[in-house]
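Asker: A predicted structure for the sequence below; I have some questions about it.
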Amino acid sequence: MNTFINVEDIGNLQQALAEAQEIKNDRFKYQHLGKNKTLMMIFFNNSLRTRLSTQKAAMNLGMNVIVLDVNAGAWKLETERGVIMDGDKSEHLLEAIPVMGCYCDLIGVRSFAGLTDREYDYAETVLHQFIKYSGRPVFAMETATVHPLQAFADLITIEEHKTKARPKVVLSWAPHCRALPQAVPNSFAQWMNAADVDFVVTHPEGYELDPKFVGNARVEYDQMKALEGADFVYAKNWSCPGVTSPADYGKILSKDMSWTIDAAHMAVTDNGKFMHCLPVRRGLIVTDDVIESPNSLVIPEAANREISASVVIKRMLESL
Amino acid sequence: MNTFINVEDIGNLQQALAEAQEIKNDRFKYQHLGKNKTLMMIFFNNSLRTRLSTQKAAMNLGMNVIVLDVNAGAWKLETERGVIMDGDKSEHLLEAIPVMGCYCDLIGVRSFAGLTDREYDYAETVLHQFIKYSGRPVFAMETATVHPLQAFADLITIEEHKTKARPKVVLSWAPHCRALPQAVPNSFAQWMNAADVDFVVTHPEGYELDPKFVGNARVEYDQMKALEGADFVYAKNWSCPGVTSPADYGKILSKDMSWTIDAAHMAVTDNGKFMHCLPVRRGLIVTDDVIESPNSLVIPEAANREISASVVIKRMLESL
Amino acid sequence: MNTFINVEDIGNLQQALAEAQEIKNDRFKYQHLGKNKTLMMIFFNNSLRTRLSTQKAAMNLGMNVIVLDVNAGAWKLETERGVIMDGDKSEHLLEAIPVMGCYCDLIGVRSFAGLTDREYDYAETVLHQFIKYSGRPVFAMETATVHPLQAFADLITIEEHKTKARPKVVLSWAPHCRALPQAVPNSFAQWMNAADVDFVVTHPEGYELDPKFVGNARVEYDQMKALEGADFVYAKNWSCPGVTSPADYGKILSKDMSWTIDAAHMAVTDNGKFMHCLPVRRGLIVTDDVIESPNSLVIPEAANREISASVVIKRMLESL
């Protein structure tokens, strides 16, 4: 595995889930793979869970880890040719990225969507620069449009907690005070489409996810109807993906608090489990009662980030 | 050992001192204990000595170390229930802390006193949140009211340099230009009360330490009288603890430069050794002559921070 | 080897180059040397290549690494005696530096020239404080006047790519929009003077390098004439070294774009290779065509930073 961006990169999901359990039972089993190998984690944006869980996974696998915090504002890379670089960009990506590749064996990149230029964000420009110029396997640690380490951890969590062969999984938009990227719902939709689940997406009109990710998933604009009989409720806010109205890309179209997941929402599910990628704003996305209930999976879900990262890094080490 | 906050946590002091010397003679003796174990060091405030010495100690013990610098201002955790989190707090402690616990085996926390709300500070609110919600053993790396890794290192240093079975140890307040917390004098007093020393505290009126820490220690308001015959002079500034005048909590009550430890002060001691936890402001706390004299222990005292941290982490690893 | 500042510190260059190749062939060969040893990397200024390559080298050698980012503005050390430290300097170097030495075995220091006080910069004040007070071997990770890890990597690169026993190497000044230190050209000149190459320096008048570094190297003010028949063109900007006009120290004397290395410049060389330490501003220092040409060595040159650091750290570990 040389890139980890989309669900296709992980191959057969049942095999990936089996590997996840194998590693969860013995996190240090593949420690020999990482000996004398270095992971470089490059953050253009802040991180708590992703940084900690990925670093832990790499150390479990015996790797050395170098963390590089790149202030998105301070490190402006020139990307054009023919430019006289006498402004605020002190380095060209054609030098910076190959050099980073010199000092490591694997690269993880975090680079969020700017939410102003849909074409630039959805082209995954920064991620693809690293893939093209670093000379190293590259995995996404949440990029402009995807967060596959999260989606894989979510899938592991659903597999561990499902009580039916084919559970109903509902991705529900919920309100938020800031404009958030679509990376998490994009990847979640993509992975659920590939998994053996009954997948439904619900959100207010205008929040349609990009077809590249949501595919033929059932979209239900009536949230309560969508939640009926759900085994898993995956709450998440996202800003306008700009599919039906490109001019609204990245905007907040609704703050409708009736979409906040509360006990009344959970009541229509089939004893549904509550999931969220965290961090979560209580009172907007979900009520205290729901997130603190025995049916809340947010902590085991976060714990599985170490497992999804372990499988991905293990695969990449095996491919070196 | 599942928490390290107060002197009671370390148990028998003679045994702890013996372990300290054992580790000092072979810092890597217990390296097998930390294999595949991860220490997470969480800093809400800046650190030089504590960060370096604790990281070194954990590496000596074979651990992996993750350092998390949390800007106290930027990472505001919601602590209340029933709140709509639409302000500047993006995560609730009930999610944030358990998640951090997911990715490590031990947690060290630095979180200074705010010096505005005595009750909040002396309740050790942040530290106890980590103890309650992280699911991991937690040790203080200077918190609102204690700095036990420093006090333990001080005790080791006194043990190494004492020339009498029961030396006289004087904790002396000294002036400073800024309002400082009471964590260092609190822990020093607590540990000296538990140790086999003749302990005296001296400070201007109003600077009385909290009874929880100073206990029945002898308090002498005449600094020169207190220093007479001292074997160890432990200088430190602290702001008003608010014991006798709660409204003055955290305030500077005196900048009396006659309290600065100089040659005249040391002259009344019994060839006393000078100690300070560092960083120290020369000219306020102590003169150049005294801190540079052969009787100054500030550097070996700092070096013993690696040793005290090693014993504490070793104990916690043994208890896992 | 207890210091690594000047070319003399590395001893016989042929032997150093042989060690470099030995390590390049097996980067982990000397991993036993670093077991239970800690490198402390102290950065008073930002770093990308130096941080990553040095950390990688130390890990290759089995060391633990502690990275300390010291904001040059925030960490003001008092250096005088007899001062009442009631201002913004919270620690005296006589405490701070020995304490850092307590927790490690080797120290690397980055501390750039301020470019305002030539005497202070050229005395290498900060570097020598670490050498004098830390009690540990110290190497320069670019200091006020030298960057020997870069110069050594440059020499390795020239050795690997030379097609003649004694190649012609030209250090050429090139224009830049900001005032840059002289550390890189100083060290490059010093190392080339010591190496078996035909070394020429070219720059506009007023940019004469300090005799301590440039020695008796041939200086040619006509850039095109200097480049004739060159095997290696090492481009670099530097501000006025203040040799001929002390009052101009650190100033930009010229932005003459005719000095930018382009195809016309390279045409007069003997199929010359292009070198630069990076980061490089395209359009000012060099054109896109030249830096992207097959004759550009900038990426292998950067990759050799890991090798030069490995040799230096290996030597220091052997001397412990």
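Answerer: Cool, the structure landed.
Asker: Output the below-cut-off pLDDT ranges for chain A.
Answerer: For chain A, the stretches with pLDDT under 70 are A:71-75.
Asker: Pop the domain breakdown of it in here.
Answerer: For chain A, automatic domain parsing gives the domain ranges A:3-146+A:305-319, A:150-301.
Asker: now the ones you listed as CSV including mean neighbour count and distance to B:Ala183?
Answerer: C-beta: built from backbone N, CA, C; applies to glycine. Below are the domains of chain A laid out as CSV (neighbours: other CB atoms under 10 Å in any protein chain shown; distance: least, CB to CB, whole Å):
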stretch, mean neighbour count, distance to B:Ala183
domain A:3-146+A:305-319, 19, 26
domain A:150-301, 20, 29
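Asker: Those domains: which one's closest to chain C?
Answerer: Smallest distance to chain C across the domains of chain A (CB to the nearest CB): 3.3 Å, for domain A:3-146+A:305-319.
Asker: Give me the distance between the two termini of that closest one.
Answerer: Taking CA to CA, to the nearest Å, the first and last residues of domain A:3-146+A:305-319 lie 11 Å apart.
Asker: for stretch A:4-19, same thing?
Answerer: 16 Å.
Asker: do the same with stretch A:96-116
Answerer: Chord length of stretch A:96-116, first to last residue, is 25 Å (CA to CA).
Asker: sorry, back to before: dump the domains of chain A to CSV, plus distance to chain C.
Answerer: Listed next are the domains of chain A as CSV, based on distance: least, CB to the nearest CB, whole Å:
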stretch, distance to chain C
domain A:3-146+A:305-319, 3
domain A:150-301, 25
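Asker: between the ones you listed, which gets nearest to B:Ile66?
Answerer: domain A:3-146+A:305-319 (5.8 Å; CB to CB).
Asker: Beyond the helix or strand containing A:Lys225, next helix or strand please.
Answerer: Secondary structure assigned from DSSP states H and E places A:Lys225 in helix A:223-227. Using DSSP H and E, the helix or strand that directly follows helix A:223-227 along the chain is strand A:232-236.
Asker: Can I get that following strand in CSV, CA atoms only?
Answerer: The C-alpha coordinates for strand A:232-236 follow below in CSV (Å, rounded to 0.1, in the frame of the first residue of the first chain):
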residue,chain,number,x,y,z
PHE,A,232,-25.8,3.3,14.8
VAL,A,233,-26.3,7.0,14.7
TYR,A,234,-23.2,8.8,13.4
ALA,A,235,-23.6,12.5,14.1
LYS,A,236,-21.5,15.1,12.4
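Asker: returning to what we had before: so which of the domains of chain A is nearest chain B?
Answerer: Across the domains of chain A, closest to chain B is domain A:150-301 (CB to the nearest CB), at 3.3 Å.
Asker: about what we covered before: packing partners of the helix holding A:Lys225?
Answerer: Counting contacts by 3 or more CB pairs under 8 Å, 6 or more residues apart in numbering or on different chains; DSSP states H and E, helix A:223-227 packs against strand A:168-173, strand A:198-202, helix A:263-267.
Asker: Which is the succeeding secondary structure element to the longest one?
Answerer: Beyond strand A:168-173 on the C-terminal side, the first helix or strand identified by DSSP H and E is helix A:183-194.
Asker: Show residues contacting that next one.
Answerer: Residues outside helix A:183-194 that contact it (CB atoms under 8 Å, 6 or more residues apart in numbering or on different chains): A:6-8, A:13, A:112-113, A:142-148, A:150-152, A:154-155, A:169, A:171, A:173, A:199, A:201, A:209-210, A:212-217, A:234, A:236, A:238, A:277.
Asker: Okay, angle between that helix and strand A:232-236 too, please.
Answerer: Counting by axes from the mean of the first three to the mean of the last three CA atoms, to 10 degrees, helix A:183-194 points 150 degrees away from the direction of strand A:232-236.
Asker: now helix A:183-194: how far from the chain's centre is it?
Answerer: In terms of CA atoms, centre = their mean, to the nearest Å, the centre of helix A:183-194 is found 8 Å from the chain centre.
Asker: Would you mind extracting the C-alpha trace of that helix into CSV?
Answerer: What follows is helix A:183-194, C-alpha atoms only, in CSV (Å, rounded to 0.1, in the frame of the first residue of the first chain):
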residue,chain,number,x,y,z
ALA,A,183,-13.7,15.3,5.2
VAL,A,184,-15.2,13.2,7.9
PRO,A,185,-18.7,12.7,6.4
ASN,A,186,-17.1,12.2,3.0
SER,A,187,-14.9,9.3,4.2
PHE,A,188,-17.6,7.9,6.4
ALA,A,189,-20.0,7.7,3.5
GLN,A,190,-17.4,6.2,1.2
TRP,A,191,-16.5,3.5,3.8
MET,A,192,-20.1,2.7,4.7
ASN,A,193,-21.0,2.3,1.0
ALA,A,194,-18.2,-0.3,0.8
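Asker: now that helix against strand A:168-173, angle please.
Answerer: Angular relation of helix A:183-194 and strand A:168-173 on a 0 to 180 degree scale: 160 degrees, by the same axes, to 10 degrees.
Asker: A:Pro279 and A:Phe232: what is the separation?
Answerer: Separation of A:Pro279 from A:Phe232 (CB to CB, to the nearest Å) stands at 20 Å.
Asker: The residue of the stretch 201-320 of chain A found nearest chain C - how many residues pack around it?
Answerer: Of all residues in the stretch 201-320 of chain A, the one sitting closest to chain C is A:Leu320 (14.6 Å; CB to the nearest CB). Residues near A:Leu320, counting by other CB atoms under 10 Å in any protein chain shown, number 11.
Asker: and the residue lying closest to it once chain neighbours are set aside, what are its phi and psi?
Answerer: Residue nearest to A:Leu320 in three dimensions, not counting chain neighbours: A:Asp105, with 6.3 Å by CB to CB, 6 or more residues apart in numbering or on different chains. Backbone geometry at A:Asp105, expressed as degrees, to the nearest 10, gives phi -110, psi -30.
Asker: thought A:Asp105 was touching A:Arg136?
Answerer: Yes - between A:Asp105 and A:Arg136 there is a contact under CB atoms under 8 Å: 6.5 Å.
Asker: Contact residues of chain A facing chain B?
Answerer: Applying CB under 8 Å from any CB of the partner chain, we find that chain A lies next to chain B at A:27-28, A:31, A:48-49, A:52-53, A:55-56, A:59-60, A:177, A:278-284, A:288, A:291-292, A:298-299, A:302-303, A:306.
Asker: Assess the claim that A:Leu13 and A:Ala195 are in contact.
Answerer: Yes - the criterion here is CB under 8 Å, and A:Leu13 meets it with A:Ala195 at 5.9 Å.
Asker: anything in contact with each of these two?
Answerer: Residues touching both A:Leu13 and A:Ala195 by CB under 8 Å, 6+ apart: A:Leu155.
Asker: what angle sits between the longest helix seen in chain A and strand A:232-236?
Answerer: What stands out as the longest helix in chain A, according to DSSP state H, is helix A:298-319. Helix A:298-319 and strand A:232-236 are oriented at 80 degrees to each other (the same axes, to 10 degrees).
Asker: Centre of the chain to helix A:298-319, how far?
Answerer: Using CA atoms, centre = their mean, the offset of helix A:298-319 from its chain centre is 12 Å.
Asker: for it, packing partners?
Answerer: Helices and strands touching helix A:298-319, by 3+ CB pairs under 8 Å, 6+ apart, are strand A:3-4, helix A:13-25, helix A:49-60, strand A:106-110, strand A:138-140, helix A:148-161, strand A:273-275, helix B:93-102.
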